[in-house]
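Q: Take a look and give me a structure for this.
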Amino acid sequence: MLFSLFCACSSQHESDSVQLQECWPCLPPYLGLLKTPCPQTVSNYVSRLSIAKMQTFVQSLGNAAGGAMQTVWLIDISIGLGSGKILSVLALNLRHHEQNEYAPGLADVQCVATAVEESWNGETIAEFLRKVFAKVGFFPAAFLKDGGTDLEKAIRLLNEQGTSLECIDDLSHMVANLFKHEYAEDPLFNTFITACGQVSKKLKQTILACLAPPKVSTKARFMNLHRLVEWADKLLKHVPQNQAEDAPMLAKLRASLDQLPECEPFIKRFLRDAKSMLACQKILKQEGLNLATYAQCQKLIEVMPASSSIRIGFTDWAKSQLEIANRLG
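A: Numbers count the residues shown, from 1 in each chain. Purely as a prediction, here's the structure:
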């Protein structure tokens, strides 16, 4: 009950910590408390509850017969506590897509372990995972990771020491790396990025601000760059270059385009590849990778040239993951 009330209060006032504290007086009538707990008390309770649930899950994994072949562990590093970086290990049912008709979500994973360090590298990640193995008593069937070299090195170090861990490459990161390899050196790429910045400056704080480009993180640019390219494509369709300036707003918009019209070849080629890969990702995340979904994806990528590094890279990735799935049964 305390946890439910805390979540309700947090969601209602999450943008204002002062208002959040006004919710605490509602607790005593429900819980029979003489004194309303302060926010730190509730926070500590929720933290301890999370740790207890994690420990219970880890114990159940260790007690389950064949537990090593029933889970895939998702490992990732994110900046979370001040300058510290959080390493998280989550467990997902190996046969999720055989038993469910939807993509895995937060409710489908369980936290196995977390740790915080100022920095992580292959050696420290491998050492942490060895401690986790010792605690739970078995290895997972496979690891799923992003394209980070530190995570890859950690798995390699563990395998060199006698384990035989399968390593699954995350689909979204793999596709982003393919697009980075294909387009980062394109002569029009920097022109496009610069033009988007100039258009944003010219449109913001004006009556045409609603047409400004969406924000795309520079750290993981190629994971969301398609949003920016789709915006540019739609904007250019609203301002055909051969149309007479018959309206002040249209003239103002055309004057704000900077070098964006010159990037149209880049935009068309990028969207051709991005649309097919987004469709493939939707299928694979929803239904999983198997021979049937692989065949669907092969038809979708036929719009790309046979020599496309994205098409070739995706095909190589899919074949590699199918081999891993076959080895895992």
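Q: show me where this structure has strands.
A: 71-81, 84-93, 109-117, 142-145, 166-169 (DSSP state E).
Q: Now render those as CSV, adding mean pLDDT, mean neighbour count and distance to Thr206.
A: Backbone N, C-alpha and C define where each C-beta goes, glycine included. Shown next, in CSV, are the strands of the chain (pLDDT from 0 to 100; neighbours: other CB atoms under 10 Å; distance: least, CB to CB, whole Å):
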stretch, mean pLDDT, mean neighbour count, distance to Thr206
strand 71-81, 81, 17, 35
strand 84-93, 87, 18, 40
strand 109-117, 85, 16, 44
strand 142-145, 88, 21, 44
strand 166-169, 87, 18, 44
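Q: Could you report the neighbour count for the nearest residue to Phe133 once chain neighbours are set aside?
A: Closest residue to Phe133 apart from its sequence neighbours, by CB to CB, 6 or more residues apart in numbering: Phe139 at 5.9 Å. When counting by other CB atoms under 10 Å, one arrives at 19 neighbours for Phe139.
Q: just to revisit the earlier point, same list (the strands of the chain) but as a markdown table, adding distance to Gly288.
A: Formatted as a markdown table, these follow (distance: least, CB to CB, whole Å):
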| stretch | distance to Gly288 |
| --- | --- |
| strand 71-81 | 12 |
| strand 84-93 | 11 |
| strand 109-117 | 15 |
| strand 142-145 | 12 |
| strand 166-169 | 12 |
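Q: for the ones you listed, which one sits closest to Arg254?
A: strand 71-81 (41.3 Å; CB to CB).
Q: Local confidence estimate at Tyr179?
A: If you look again at residue 179, you'll see it is Phe, not Tyr. As predicted, Phe179 sits at a pLDDT of 94.
Q: Same check on the one 4 residues further on?
A: Reading off the confidence values, Tyr183 has pLDDT 93.
Q: Over to Gln161?
A: Looking at Gln161, the pLDDT reads 82.
Q: can you check the one 3 residues further on too?
A: pLDDT recorded at Ser164 is 81.
Q: any idea how far Ala141 is from it?
A: 11 Å (CB to CB, to the nearest Å).
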